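J.: I'll drop the sequence and a predicted model, then ask my questions.
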Amino acid sequence: MTILVTGAAGFIGAHVARALLARGQQVIGIDNLNAYYPVALKHVRIARLIGAHPAFRFVAADFADQAALAAAIDGTAITAIVHLGAQAGVRYSIEAPRAYAHSNLVGQLEILELARTQRVAHLVYASSSSVYGDAAKLPLSVADRADRPVSFYAATKRANELMSESYAHLYRVPMTGLRFFTVYGPWGRPDMALWRFTERVLRGEALPLYNGGAMQRDFTYIDDIVAGVLAALDRPPADDDSEKPGGYLSPHAVYNLGNDQPEQLGALVELIGNACGTTPVLDLQPMQPGDVTATWADIGPARRDLGYAPATPLAVGVPAFVDWYRDYAGA
């Protein structure tokens, strides 16, 4: 059983690939190693996989390039796809929308075409909590409308869901979309708040808190996300015309993967300060374009259908990240 993992050099992708290998599966990882954040971190993530797992094969290629994607699998029969590759970042999508159209729209189409032609048993793909926009109703449910994106990134991820629905309906390929909620942990992304804040606190620099710090996030630890991705992969939605989470009748379901424990941004800052052994200096700033004030995942459907059970509170996850960061950065 060979599983294709896109975005394999990314934060979530590298962790998922490692977990799949640990349970004895063959994995082909693909990533274009773009420079949205330092490529050196991506190389280190991949090196940890290549060096430790002979069942892992990595190909540096752009999955939005049809020929490159075909060459990457090199005639291998792919039985399932975990599509985690994307152009990430909310604010950057305002600066460089074409990068998002290429990776998130054209890229999604190429993965859907691969799933169709290979007749894979299941395609699991990454969506995002950003699709909800700045919703007034909390917690956020997959049954809610998600048609008011406040960033182009969010628009592309919602488009991914609709594109997947069309293919699931037309070609009956089982598909599951996962709306991730603020994933954090060791080997995370340098553009995310936890990394940026930890870096600044250790340097003695002020932390920019947008919306005056009046922000709430459903922070979700990477180990819990990986468990949710594997649980989803093992449970493809049935082609039985029953309504799935997300409202679809095709073999296509959408789930929230969050922690169901929203935290104020101030709690994150306090935990970082405690883990770093210092008191953070705050720089209160106005709300940023494309951002939202609060996220909170309704994970009831994922609990019921996937057995998803996040177990890592912020008070445990933040010190674990800070310890990892100190070691990685030599701080």
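T.: Received it, and whenever you're ready, just let me know what you need. Numbers count the residues shown, from 1 in each chain.
J.: Okay, helices next: where are they in the stretch 151-300 of the chain?
T.: Taking DSSP state H, counting those that start in this stretch, the helices of the stretch 151-300 of the chain run over residues 152-171, 193-203, 222-233, 265-276, 300-306.
J.: among the ones you listed, which is nearest Leu178?
T.: helix 222-233 (6.1 Å; Cβ to Cβ). C-beta here means a position set from N, CA and C on the backbone, and glycine is covered the same way.
J.: and the closest one, how far from the chain's centre?
T.: With Cα atoms, centre = their mean, to the nearest Å as the basis, helix 222-233 stands 11 Å off its chain's centre.
J.: buried sites along stretch 300-318?
T.: The neighbour-count check on stretch 300-318 (16 or more other Cβ atoms under 10 Å) flags Gly300, Pro301, Ala302, Asp305, Leu306, Tyr308, Pro310, Thr312, Leu314, Gly317, Val318 as buried.
J.: Check stretch 120-137 too.
T.: By neighbour count on 16+ other Cβ under 10 Å, the buried set for stretch 120-137 is 120-133, 135.
J.: cool, and stretch 46-61?
T.: Judged by neighbour count using 16+ other Cβ under 10 Å, the buried positions of stretch 46-61 are Ile46, Leu49, His53, Phe56, Arg57, Phe58, Val59, Ala60, Ala61.
J.: how long is stretch 78-90 end to end?
T.: 31 Å (Cα to Cα, to the nearest Å).
J.: what do you get for stretch 299-317?
T.: One end of stretch 299-317 to the other measures 19 Å (Cα to Cα).
J.: Which members of the buried residues of stretch 120-137 are positioned in strands?
T.: In strands, defined here by DSSP state E, the members of these are His122, Leu123, Val124, Tyr125, Ala126, Ser127, Ser128.
J.: Closest one of the residues you listed to Leu33?
T.: Nearest member of those to Leu33, counting by Cβ to Cβ, is Ala126, at 17.8 Å.
J.: returning to what we had before: nearest to Gly13, of the helices of the stretch 151-300 of the chain?
T.: Smallest distance to Gly13 across the helices of the stretch 151-300 of the chain (Cβ to Cβ): 9.7 Å, for helix 222-233.
J.: Leu284 reaches Leu207, doesn't it?
T.: No - in this structure, Leu284 is not within contact of Leu207 by Cβ atoms under 8 Å, at 9.5 Å.
J.: So which of the buried residues of stretch 46-61 are in helices?
T.: Among the buried residues of stretch 46-61, the members found in helices (DSSP state H) are Ile46, Leu49.
J.: Tabulate the buried residues of stretch 46-61 (JSON lines), appending distance to Thr293 and pLDDT.
T.: Output for the buried residues of stretch 46-61, formatted as JSON lines (distance: Cβ to Cβ, whole Å; pLDDT from 0 to 100):
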{"residue": "Ile46", "distance to Thr293": "36", "pLDDT": "96"}
{"residue": "Leu49", "distance to Thr293": "37", "pLDDT": "94"}
{"residue": "His53", "distance to Thr293": "41", "pLDDT": "80"}
{"residue": "Phe56", "distance to Thr293": "40", "pLDDT": "96"}
{"residue": "Arg57", "distance to Thr293": "43", "pLDDT": "96"}
{"residue": "Phe58", "distance to Thr293": "39", "pLDDT": "97"}
{"residue": "Val59", "distance to Thr293": "40", "pLDDT": "97"}
{"residue": "Ala60", "distance to Thr293": "38", "pLDDT": "98"}
{"residue": "Ala61", "distance to Thr293": "38", "pLDDT": "97"}
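J.: Kind regards, and thank you for your time.
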